[in-house]
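# model this:
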Amino acid sequence: MVSVRTKTTGLTELNWLAEVREFAPPLALDSPIWMREVQTNLEVAMPRGEKHPCCEIGFILQGEGIAFIEGEEARFTSGDLLLIGPGIPHSFQLNQYPHRELTVFFMPAVLLEMGPLGDGARLLRRFTMRQKIGQRLIRLPADYQSRFEDLIRRMRTDFHSRPLGWEMRLRSCLTELLVDIVQWEQGQGAATPNIKGNEDWAKLEHALAYIRRNFAEPIYATDLARATAMSETRLKNLFDQTLGMPWTKFLQGYRVRQAATQLCLPGQSVTEVAMSAGFQSMSHFIRVFRKFTGTAPSIYAKNQRPLSNMAPHANSCVLTHARFPH
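Here you go, the predicted structure:
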């Protein structure tokens, strides 16, 4: 395995952490995989960082720079893969232009659907386990770069064109990509991601299922703990350790994603969307929605609804501006 040169980021260079922004890709149970394409052609200063309640695979198609993940940094170049888990703050500093990147975002539930104690949980563990930046930034040999790039480009094509069976093929390509990554790492001597406490992962699946079924209703820690046969303290620790965030943050992100999906549809009022997504007041909905997306629900709806009348690929995102996209 080609090692990536890493170092601890100095205190004076950690300013980007103060600007980290919550980003909620438009994911939902019926559309749990989303793709973003970034094209940056202008030289700029260090961009703003982001974190999100989902998993991310970024493939650098072109360009070089520095990746910042939590308190570490490492240089990246074309052909590198970046694996980011839920709740992990990260940012880029671009040093060579143009910069092009394809990113796959997916809900952890995509892997947990394979079974909380099986291969899906092990693949998810590759994202959620505690690790250094050198484990998150992967430098592949040329033949693997070509293979992974082909898989991700195939996913992008299906995501844009939406042919019959496109969602099934997205899941298939994602699974193939993840399996190839883990198997290649094993071939390089890396340990297989293990599931620490099978019982914990089963309880996590019960908790996620409870949230999926009841997100539109008020959910309290006592309800979720009782439904999963855990104490409230254990519930909190489980989400922190496996998904990298409090269960309340996961619930907020899930509700925002549901609301964002509905806001893209014609004839939906912001108030109706807020209530159907489980928010008890408009002020709370607007505050949380803005925190995750950076904009008010009404503005988001105005910007997104015209796209719903366009081609099916309109939900994709190609950015040509100089700032890191949100």
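
# contacting residues for P246?
K236, F239, D240 (C-beta atoms under 8 Å, 6 or more residues apart in numbering). Where you see a C-beta, it was placed from the backbone N, CA and C, and this is true even at glycine.

# Relative to P266, which of those residues is nearest.
Each of these was scored against P266 by C-beta to C-beta, and F239 proved nearest at 35.5 Å.

# quick one: average pLDDT of the helix or strand containing that closest one?
Take DSSP states H and E as the rule and F239 turns out to sit in helix 232-242. Along helix 232-242, the predicted local confidence has a mean pLDDT of 84.

# Sort out which residues of it are buried, please.
By neighbour count on 16 or more other C-beta atoms under 10 Å, the buried set for helix 232-242 is L235, K236, L238, F239, T242.

# One more: stretch 92-110?
By neighbour count, and taking 16+ other C-beta under 10 Å as the criterion, the buried residues in stretch 92-110 are 92-94, 97, 99-110.

# What of stretch 179-188?
Applying a neighbour-count criterion of 16+ other C-beta under 10 Å, the buried positions in stretch 179-188 are I181, V182, W184, E185.

# Where is the longest helix in this protein?
As assigned by DSSP state H, the longest helix anywhere in the chain is helix 166-187.

# So what touches it?
Taking C-beta under 8 Å, 6+ apart as the criterion, the residues outside helix 166-187 that touch it are 1, 31, 33, 57, 81, 83, 104, 106, 110-111, 119, 122-123, 126, 138, 140, 144, 147-148, 151-152, 154-155, 158-159, 192-193.

# Which parts of the stretch 201-326 of the chain are helices?
Using DSSP state H, counting those that start in this stretch, the helices found in the stretch 201-326 of the chain span residues 221-227, 232-242, 247-263, 270-276, 282-293, 297-304.

# Mind putting these into TSV with distance to L204?
Shown next, in TSV, are those (distance: least, C-beta to C-beta, whole Å):
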stretch	distance to L204
helix 221-227	11
helix 232-242	5
helix 247-263	10
helix 270-276	26
helix 282-293	22
helix 297-304	30
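
# Mean neighbour count, those: which tops it?
With neighbours defined by mean count of other C-beta atoms under 10 Å, none of the helices of the stretch 201-326 of the chain is more surrounded on average than helix 247-263, at a mean of 22.

# which secondary structure elements does that one contact?
Contacts defined by 3 or more C-beta pairs under 8 Å, 6 or more residues apart in numbering; DSSP states H and E place helix 247-263 against helix 198-214, helix 232-242, helix 270-276, helix 282-293, helix 297-304.

# So for that helix, mean pLDDT?
This predicted structure assigns helix 247-263 an average pLDDT of 86.

# same check, this time on stretch 101-108
Across stretch 101-108, the average pLDDT comes to 91.

# what's it in contact with?
25, 27, 29, 32-38, 52, 54-61, 63, 86, 124, 127-128, 152-153, 155-156, 174, 177, 208, 243.

# ditto for stretch 127-139
With contacts defined as C-beta under 8 Å, 6+ apart, stretch 127-139 is touched by 1-4, 6, 55, 67, 69-70, 72-74, 76-77, 79-86, 88, 108, 181, 185, 193, 241-244.

# now, which of those residues lie within strands?
T6, C55, A67, I69, E72, E73, A74, F76, L81, L82, L83, I84 (DSSP state E).

# between those, which is closest to R290?
The closest of those, once distances to R290 are taken by C-beta to C-beta, is I84, at 22.7 Å.

# Specify the beta-bridge partners of the residue lying closest to that closest one once chain neighbours are set aside.
Using C-beta to C-beta, 6 or more residues apart in numbering and skipping residues adjacent in sequence, the residue nearest I84 is E56, 4.1 Å away. Using DSSP bridges, the bridge partners assigned to E56 are I84, F105.
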